[in-house]
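S.K.: kindly return the folded structure for what I paste below:
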Amino acid sequence: MKRQSLAAIITSLVCVFTLAQAHADKLDDIINSGKLRCAVTLDFPPMGSRDASNNPVGFDVDYCNDLAKTLGVTAEVVETPFPDRIPALMSNRADVIVASTSDTLERAKTIAMSIPYFAFQQVVLTRDGTGINTYNDMKGHPVGNTAGTFEGLALEADVKKWGGGSFRAYQTENDTILALSQGHIDGTVVTSTVAAASIKTGKYKGLKVVGNAPYVIDYVSLGVARNELGLVHYLNLFVNHQVRSGRYQELYAKWVGGTAPNLTIPGVYY
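M.R.: A predicted model of the protein is given here:
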């Protein structure tokens, strides 16, 4: 009886080991397919947008292309609005999220996230004549933001705490900026990169930045399916190489300008 039980256990272990070997992880799948599908948000300049010829461009687009190059495959940009980033990954429409995704603990319950590859400072964006000159001045005003974003969730939470004014969620960053310029809302919070890019276009008259929002630095990560640890380890090393090779600074200078923000956090990791 004991021999039969032992034999059964050994057989089960062999089967599990064989199945594990037969299962190729996502990193192998990407390399074998010859294609890397990146979920990228294309209404978030200078991180992602479309040029005059309707081609995807931006920091995140170049980052996707760089990652594909290191893997020896072709990059495919899958246009993905902010609220659809995780669904695109979970439904296998994309292999990796390269879409300025904040590394929140809540998201980490659903997907695996790399070390930060970019860092954002949040600023208050308003227009002439609203009377908003600081973040706290938005109390009592109609404000809004893009659904599912770090800054959108933070601003909505503060509006509830203030107990006055109102909050509207919009599907895209462009919708939010347009609503602000047309007077549907009086203020919003966006990254300094988005604010500068929006004002630079000249399409939105009267928009202005009135200081920083009191939020922590928004570190963003690359995202993959939660169980794909091999791919996460590769992405961590890729981010490391982007920084130490100078490519991170090169892309930052190209799309944003100036010196790239530090991706390390004193007292946590260096």
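
S.K.: how about the contacts made by Ile86?
M.R.: 97, 107, 110-111, 223 (CB atoms under 8 Å, 6 or more residues apart in numbering). No exception for glycine: its C-beta is placed from N, CA and C like everyone else's.

S.K.: between those, which is nearest Val216?
M.R.: Checking those against Val216 by CB to CB gives Arg107 as the nearest, at 15.3 Å.

S.K.: residue contacts, the closest one?
M.R.: Neighbours of Arg107 in contact, by CB under 8 Å, 6+ apart: 86, 101, 113, 223.

S.K.: looking at these, which is nearest Phe150?
M.R.: Thr101 (8.8 Å).

S.K.: bridging residues for that closest one?
M.R.: When bridges are called by DSSP bridges, Thr101 pairs up with Ser221.

S.K.: how close does it sit to Glu156?
M.R.: 18 Å (CB to CB, to the nearest Å).

S.K.: how about Ala253?
M.R.: From Ala253 across to Glu156, the span is 34 Å (CB to CB).

S.K.: what about those two, which has more around it?
M.R.: The neighbour comparison of Ala253 against Glu156 (other CB atoms under 10 Å) goes to Glu156, with 17 against 12.

S.K.: which of the helices or strands spans the more buried one?
M.R.: Using DSSP states H and E, Glu156 falls within helix 150-162.

S.K.: contacts made by that helix with the rest, please.
M.R.: Contacts of helix 150-162 (CB under 8 Å, 6+ apart): 102, 104, 122, 139-140, 143, 145-146, 165-167, 169, 188-191, 213, 215, 218.

S.K.: buried subset of those, written for ChimeraX?
M.R.: The ChimeraX selection below is limited to those of those classed as buried (16 or more other CB atoms under 10 Å):
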select :102,122,143,145,146,165,167,169,188,189,190,191,213,215,218
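
S.K.: show me where the stretch 51-200 of the chain has its strands.
M.R.: 56-57, 74-79, 96-102, 111-113, 118-120, 122-127, 142-146, 166-170, 187-191 (DSSP state E, counting those that start in this stretch).

S.K.: tell me where the model's unsure across the stretch 151-270 of the chain.
M.R.: The model of the stretch 151-270 of the chain has pLDDT under 70 over residues 270.

S.K.: doesn't Asp62 make contact with Leu251?
M.R.: Yes: counting by CB atoms under 8 Å, Asp62 is a contact partner of Leu251 at 5.4 Å.

S.K.: I'd like the contacts of Arg107 as TSV, with distance to Glu173 appended.
M.R.: Output for these, formatted as TSV (distance: CB to CB, whole Å):
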residue	distance to Glu173
Ile86	17
Thr101	14
Met113	21
Gly223	18
